[in-house]
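A.B. asks: Structure of the sequence below:
(chains A, B, C and D)
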Protein chains: 2
Amino acid sequence: MDRSGHIREAALELFTRKGFESTTMGDIGAAVGIRGPSLYKHVAAKQDLLVAIMVTTMEDLLAAHRAAVSGVTDPVERLRRATEAHVRYHARHRLEAFVGTREIRSLAEPHLTRVLALRTEYEACFRAVVQSGVDAGVFQVDSVRLASYAILDLGMGVAVWYRADGEQSEDALVWQYSRFALRLVGVTA
Amino acid sequence: MDRSGHIREAALELFTRKGFESTTMGDIGAAVGIRGPSLYKHVAAKQDLLVAIMVTTMEDLLAAHRAAVSGVTDPVERLRRATEAHVRYHARHRLEAFVGTREIRSLAEPHLTRVLALRTEYEACFRAVVQSGVDAGVFQVDSVRLASYAILDLGMGVAVWYRADGEQSEDALVWQYSRFALRLVGVTA
DNA sequence: CCCATCGGCTAATGACTAGTAGCCGATGAC
DNA sequence: GTCATCGGCTACTAGTCATTAGCCGATGGG
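C.D. replies: Model (predicted):
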């Protein structure tokens, strides 16, 4: 891989493990075998490394969601696919997803506004999926907002503890979580 | 309230909003109307403020869990009560719970080991509750570990977005989440 | 009244950090 | 061969932060 890619990768790993604030340019440099100041030949600022992670993560997540539900009309299948995309993304890109949710505080404007807007949009898409099931009478929930948050939060959790070399394969994980989501809204399959 | 209590409260609010690393002693001082260095007349170190939050939070959570399930033998009722205690704690003490999960990285030894042990124990208690329902044949889950994590993660999510002045009352929230948990393990009530 | 303690304060210390300046060897185009 | 560019490096700047030192006014017990 080229050096810039290597740097982004090292930054992602360090931001996940130590947090953005506690990661120094020296740490990132050491992870790729150079000194801190040398990083500035490849990157304009530490903040840029975070921005790239946060923005592409939210855009990818939103794109994955849209691809998953596009053309699907059955509410049950829509929620199943949305949850599958959500959980799969959080398992497969767990570092990005972890940093994406944990380090919002460290994001400077105007990027913060941008990322929050993407996040709000993603949540709205998910709520719409749940709402469509409620409208069709196949989901039973008191609050669409609450049920949506609950399902979304399951994905966040996955990003915290999932390990690719753990006892659960990605497919098994996704399958079980999709079932959790459907059960959660009252679909007994 | 006495000044020490006021300081702990301000620190909790700031750690939640800005994170431990990004909160300065000056910030905490300003929040209680004194200068940063003056805090040292009440507190030995910044780290101590974090330790107090983390340790008491995990101990309280564990105590709440034990009180909730003690003497209850029916697996469904045990999980319902465990989830109720879990969600209620995360709603009622959302700042503590938020900091408790977000700032583990900033905790220095030996407190880190202590808190991680408490957390592991809490997770084990929860898994035992789910396991008892599986053993009794009333819960249907592929993986006890996965289902337990999923339920625990719901609580963490609550600490992120719950607002006491929001559209959901604490009781309504707890009620719906308890139902989510039961549905998640396959109890259709 | 005296004086010790309490709990503020300002100033200083020491460590650390993002980012800049400017040097230099290697590489490759011409 | 020369020279510009690339991508390292060290040294430095400027700022921040936790914590300490030491001062001082108020308070209250004797």
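A.B. asks: okay, now A:M54: neighbour count?
C.D. replies: By other C-beta atoms under 10 Å in any protein chain shown, 26 other residues sit near A:M54. Using the backbone N, CA and C atoms, a C-beta is placed for each residue, glycine as well.
A.B. asks: What's the local residue count around the closest residue in space to it that isn't next to it in sequence?
C.D. replies: Of all residues beyond its chain neighbours, the one nearest A:M54 is A:V115 (5.0 Å), with distances taken as C-beta to C-beta, 6 or more residues apart in numbering or on different chains. Other residues near A:V115 come to 19 when the count uses other C-beta under 10 Å.
A.B. asks: how far out from the middle of the chain is stretch A:58-75?
C.D. replies: 14 Å (C-alpha atoms, centre = their mean, to the nearest Å).
A.B. asks: Just the buried positions in it, please.
C.D. replies: Neighbour-count burial for stretch A:58-75 flags A:58, A:61, A:64-65, A:68-69, A:75 (criterion: 16 or more other C-beta atoms under 10 Å in any protein chain shown).
A.B. asks: related to what we said a few turns ago, in which helix or strand would I find the residue nearest to A:M54?
C.D. replies: Per DSSP states H and E: A:V115 is located in helix A:111-135.
A.B. asks: Summarise which helices and strands that helix is packed against.
C.D. replies: The contact analysis (3 or more C-beta pairs under 8 Å, 6 or more residues apart in numbering or on different chains; DSSP states H and E) places helix A:111-135 against helix A:46-69, helix A:75-92, helix A:144-161.
A.B. asks: and the angle from the last one to helix B:144-161?
C.D. replies: Yep, that's helix A:144-161 we're talking about. Orientation note: helix A:144-161 sits at an angle of 120 degrees relative to helix B:144-161 (axes from the mean of the first three to the mean of the last three C-alpha atoms, to 10 degrees).
A.B. asks: Can you give the distance of helix A:144-161 from its chain's centre?
C.D. replies: In terms of C-alpha atoms, centre = their mean, the centre of helix A:144-161 is found 11 Å from the chain centre.
A.B. asks: and if you look at the first one?
C.D. replies: Distance of helix A:46-69 from the chain centroid (C-alpha atoms, centre = their mean) equals 8 Å.
A.B. asks: on that earlier part again, could I get the buried residues of stretch A:58-75 in CSV, plus columns for distance to chain B?
C.D. replies: Formatted as CSV, the entries for these read as follows, by distance: C-beta to the nearest C-beta, whole Å:
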residue, distance to chain B
A:M58, 16
A:L61, 16
A:A64, 20
A:H65, 18
A:A68, 20
A:V69, 22
A:P75, 17
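A.B. asks: related to what we said a few turns ago, for the helices and strands packed on helix A:111-135, which one sits closest to A:I28?
C.D. replies: With distances scored as C-beta to C-beta, the stretch of the helices and strands packed on helix A:111-135 nearest to A:I28 is helix A:46-69 (7.6 Å).
A.B. asks: Just the mean pLDDT for the closest one, thanks.
C.D. replies: For helix A:46-69, mean pLDDT rounds to 96.
A.B. asks: For chain A, what lies in contact range of DNA strand C?
C.D. replies: The interface of chain A toward DNA strand C, taken as C-beta under 7 Å from any atom of the strand, is made up of A:23-26, A:36-37, A:40, A:45-47.
A.B. asks: what do you get if the cut-off is 6 Å, keeping everything else the same?
C.D. replies: Among all residues of chain A, those adjacent to DNA strand C (criterion: C-beta under 6 Å from any atom of the strand) are A:24-26, A:37, A:40, A:45-47.
A.B. asks: Can you read off the pLDDT for A:A189?
C.D. replies: So, for A:A189, pLDDT stands at 68.
A.B. asks: measure stretch A:103-116 end to end?
C.D. replies: Separation of the first and last residues of stretch A:103-116 by C-alpha to C-alpha, to the nearest Å is 12 Å.
A.B. asks: A:F180 and B:A150 touch, don't they?
C.D. replies: Yes - the pair A:F180 and B:A150 qualifies as a contact (C-beta atoms under 8 Å) at a distance of 5.5 Å.
A.B. asks: so what sits against both of those two?
C.D. replies: A:154, B:184 (C-beta atoms under 8 Å, 6 or more residues apart in numbering or on different chains).
A.B. asks: residues contacting A:A97?
C.D. replies: Going by C-beta under 8 Å, 6+ apart, the list of residues near A:A97 reads A:57, A:61, A:89-90, A:155-156, A:158-159.
A.B. asks: how about a cut-off of 10 Å?
C.D. replies: A:A97 is in contact with A:16, A:53, A:57-58, A:60-61, A:86, A:89-91, A:155-156, A:158-160, A:162, counting by C-beta atoms under 10 Å, 6 or more residues apart in numbering or on different chains.
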